[in-house]
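[1] Just need the structure, nothing else, for what follows:
(one chain, ligands or ions: 1)
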Amino acid sequence: MGTGRSNAVGQHVTGPYSLKGGPVSLQHNELLWCRIDCRFTGAETFENIFISASEVSMNEKAINDILEVVIKNVINEMEVCKQGKAGNYNTSETIPVELSARHVHLSEADAIALFGNPLTPVRELSQPGQFLAKERVRLIGPKGVMDNVAVLGPSRNASQVEISKTDARILGVEAPVRQSGDTNGTPGIILASQAGIVGLEEGVIVASRHIHMSPEDARRFGVIDNDRVHVRLDGERPVTLEDVLVRVHDSFKLAMHIDPDEGNSAGWNKSVSGRISNR
Ligand SMILES: [Zn+2]
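    Got it, this is the predicted structure:
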């Protein structure tokens, strides 16, 4: 193995290896990062080698031999990762693009406080198990009111209001762009129905644009859960959206969800589709 590194497992390691010409140094946490972030094949094995090397007493040569293999493999994987991030996405397959209009998710308690009953499904949505409820709510913000806002089921642990930046301006709330469910520190709003009223202390967000994928879809597109990609929409006014969150789950059906501001910017209609872009 090369020179210029410590031979202690898990400590700072500098090798003669390089990524695109520059010297690299790796730490154990970086190996871990690579495993988590880049889905590198055989990572479990490398991780196990690390653990066993640090737990049992080994002679220096044996440790060096293991380190050499580990570091070579990690560097390999990092290069694969870099290529993947930079240009190995599937850019030819199209993704259906659906517009997600303003809507509310309610906790069971809030649904009952507003309507006196749990939510009543009227129509299945594209993601399996999700439905549009018969019930509608009024949003009351400091500057404006919106009526007849859709409620989506099933009920969640916490109520959440998903609006566009335009809606936020009209209502007078400073809603941040957040991933669904991440509502810590977001503004609140008042929800009202014919029968009840509920004050939310937090939960108003502009949902991050995102793509739902099954694990099989993700493999085809060359992405993993929580990746952020660029997607070009082929609308009347083609536009490339950056920072599109990839969500992978067994229950998901391939679809990209954008809000009306994003849809209108591209001249969206139901036939518009997206392609992941390498830039
Ligand atoms: Zn969605």
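[2] Partner strands of the strand or helix carrying residue 139, with direction?
    In this assignment (DSSP states H and E), residue 139 forms part of strand 131-140. According to DSSP bridges, strand 131-140 has the following sheet partners: strand 121-124 (antiparallel), strand 145-156 (antiparallel), strand 189-192 (antiparallel).
[3] quick one, which of those strands is nearest to residue 242?
    With C-beta to C-beta as the criterion, residue 242 lies closest to strand 145-156 of the strands paired with strand 131-140, at 26.5 Å. Where C-beta positions appear, they are placed from N, C-alpha and C, glycine not excepted.
[4] So for the closest one, mean pLDDT?
    The pLDDT scores in strand 145-156 average 98.
[5] Kindly report the same for stretch 126-134.
    Stretch 126-134 comes out at a mean pLDDT of 95.
[6] which parts of that stretch are buried?
    Residues of stretch 126-134 classed as buried: 127, 131, 132, 133 (neighbour count, 16 or more other C-beta atoms under 10 Å).
[7] Format those residues as CSV; extra columns: distance to residue 69.
    Shown next, in CSV, are these (distance: C-beta to C-beta, whole Å):
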residue, distance to residue 69
127, 43
131, 52
132, 54
133, 56
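[8] right, so of the strands paired with strand 131-140, which gets closest to residue 62?
    Comparing these by C-beta to C-beta, strand 145-156 comes nearest, at 52.2 Å.
[9] Next secondary structure element downstream of that closest one?
    Following strand 145-156 toward the C-terminus (DSSP H and E): strand 160-162.
[10] continuing past that following strand, what's the next helix or strand?
    Toward the C-terminus from strand 160-162 - assigned by DSSP H and E - lies helix 165-171.
[11] So which other helices or strands are in contact with that following helix?
    When contacts are defined as 3 or more C-beta pairs under 8 Å, 6 or more residues apart in numbering; DSSP states H and E, helix 165-171 packs onto strand 145-156, strand 204-207, helix 260-266.
[12] Low-confidence bits of the stretch 1-150 of the chain, can you list those?
    1-58, 73, 75-87 (pLDDT under 70).
[13] Repeat the analysis, applying 50 as the threshold.
    For the stretch 1-150 of the chain, applying pLDDT under 50 flags the ranges 1-53, 55-56.
[14] rewinding a little: residues in contact with the strand holding residue 139?
    With contacts defined as C-beta atoms under 8 Å, 6 or more residues apart in numbering, strand 131-140 is touched by 102, 104, 111, 114-115, 119-125, 145-154, 161, 163, 171, 189-193.
[15] In the chain, which residue sits furthest out from the middle?
    residue 59 (44.0 Å; C-alpha atoms, centre = their mean).
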